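Asks: give the three-dimensional model of this entry:
(one chain, ligands or ions: 1)
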Amino acid sequence: MSRKVLIAGNWKMNGLLEDGAALAKEVATEVKKLGKPECEFLVCPPFTLLTTVKKVLRGSKVALGAQDCHVAEKGAHTGDISPVMLKDCGCSYVIVGHSERRADHKESNELICRKAEAAHQAGLKAIICIGETEAERDAGKTIEVCTKQIMGSVPQNATAANTVIAYEPVWAIGTGKTPTTADVEEVHAAVRKVLAKKLGKGNANKMRILYGGSMKPANAAALLALPDVDGGLIGGASLKAADFMAIAASVNKK
Ligand code: PGA
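Replies: As a prediction, this is how the structure comes out:
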């Protein structure tokens, strides 16, 4: 089953106009040098940088995504951004249910599911994040937690064309710690099984499952070589074009 590897940068709440534009330009220039890249590239800057980065990325093979969206198309939701607005400023992807949003904004599986549905309706692909906390892992509950998150936050009619899953162990995000490759493969394989149960085998086999959490040039080759790992959602290392590109370059170094 061939799934195109997705190398996605989650810039989080980083970057002012000038550095955002410079980073996007560096990434676009490096991706251009690859000619026909084997993987798909995506950057997800903060909302304030979307239009600027879109201009920089014009004509490049780097897609644009946002880091969150509201469930409604428009209306009285002060401070929120709708998926239609994201589509309007050139996004093709949106991350939903990142653990930082689940924690900081008390987002539930049900809300995340509605966000993913709203994204789909606006013509965006949703990257739905799941992952266990350290306490949950220590209690042996990783698969149970991820299963619950998938069952609750992936829309019933999600397809491989409009949805990507990102497995991000919360304790690995921004900490420099990563699970062993055996642990990552175990979770990814289990995630695919749950997806098959929920969405059918065909969709599950085609759906990309990214790994996220302290992915960097030094560990990317081993992680990306795992059979059920179809790319990376990269935080810290996506803020340096050289590191982001080094991760992408490790895709085929199996
Ligand atoms: P990290 O973040 O690569 O900095 O650990 C990944 C993420 O949270 O998406």
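
Asks: count of neighbours near I127?
Replies: Neighbour count of I127, defined by other CB atoms under 10 Å: 29. The C-beta positions use only the backbone N, C-alpha and C, and glycine is treated the same way.

Asks: what residues does the stretch 151-254 of the chain have near the ligand?
Replies: With CB under 6 Å from any ligand atom as the criterion, the stretch 151-254 of the chain meets the ligand at residues E168, I173, G174, G212, G213, S214, M215, L233, I234, G235, G236, A237.

Asks: out of these, which sit inside helices?
Replies: Among these, no member falls in helices (DSSP state H).

Asks: for those residues, which one is nearest A63?
Replies: L233 (13.5 Å; CB to CB).

Asks: spatially, what comes nearest to the closest one if we skip its sequence neighbours?
Replies: Of all residues not flanking L233 in the chain, G212 sits nearest, at 3.4 Å (CB to CB, 6 or more residues apart in numbering).

Asks: related to what we said a few turns ago, list only buried entries from the residues of the stretch 151-254 of the chain next to the ligand.
Replies: Buried members of those, counted by 16 or more other CB atoms under 10 Å: E168, I173, G212, G213, S214, M215, L233, I234, G235, G236, A237.

Asks: tell me the confidence at the third one?
Replies: G212 is assigned a predicted lDDT (pLDDT) of 98.

Asks: ok, whichever residue of the chain sits closest to the ligand - contacts?
Replies: Residue of the chain nearest the ligand, by CB to the nearest ligand atom: G235 (2.2 Å). Contacts for G235 (CB atoms under 8 Å, 6 or more residues apart in numbering) come out as N10, W11, K12, I173, G174, G212.

Asks: now the nearest residue to the third one once chain neighbours are set aside: how far from I173?
Replies: What it means is K12. Residue nearest to K12 in three dimensions, not counting chain neighbours: G235, with 5.9 Å by CB to CB, 6+ apart. Distance, G235 to I173, by CB to CB, to the nearest Å: 7 Å.

Asks: shared neighbours of those two, anything?
Replies: Contacts common to G235 and I173, judged by CB under 8 Å, 6+ apart, are G212.

Asks: indicate whether stretch 41-61 makes contact with the ligand.
Replies: No - judged by CB under 6 Å from any ligand atom, stretch 41-61 makes no contact with the ligand; its nearest approach is 8.8 Å.

Asks: okay, that stretch in PDB with CA atoms only?
Replies: Output of stretch 41-61 as PDB, limited to C-alpha atoms (Å, rounded to 0.1, in the frame of the first residue of the first chain):
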ATOM      1  CA  PHE A  41       5.500  19.200   2.300                       C
ATOM      2  CA  LEU A  42       3.300  21.200   4.500                       C
ATOM      3  CA  VAL A  43       3.900  24.200   6.900                       C
ATOM      4  CA  CYS A  44       1.400  25.300   9.500                       C
ATOM      5  CA  PRO A  45       2.200  28.800  10.700                       C
ATOM      6  CA  PRO A  46       0.200  30.800  13.200                       C
ATOM      7  CA  PHE A  47      -2.900  32.500  11.800                       C
ATOM      8  CA  THR A  48      -1.200  35.900  11.600                       C
ATOM      9  CA  LEU A  49       1.300  34.600   9.100                       C
ATOM     10  CA  LEU A  50      -0.900  32.600   6.800                       C
ATOM     11  CA  THR A  51      -1.400  35.200   4.100                       C
ATOM     12  CA  THR A  52       2.200  36.300   4.100                       C
ATOM     13  CA  VAL A  53       3.500  32.700   4.000                       C
ATOM     14  CA  LYS A  54       0.900  31.900   1.300                       C
ATOM     15  CA  LYS A  55       2.400  34.600  -0.900                       C
ATOM     16  CA  VAL A  56       5.900  33.300  -0.300                       C
ATOM     17  CA  LEU A  57       4.900  29.700  -1.100                       C
ATOM     18  CA  ARG A  58       3.100  30.600  -4.300                       C
ATOM     19  CA  GLY A  59       4.200  28.300  -7.100                       C
ATOM     20  CA  SER A  60       6.100  26.000  -4.700                       C
ATOM     21  CA  LYS A  61       5.400  22.400  -3.800                       C
END
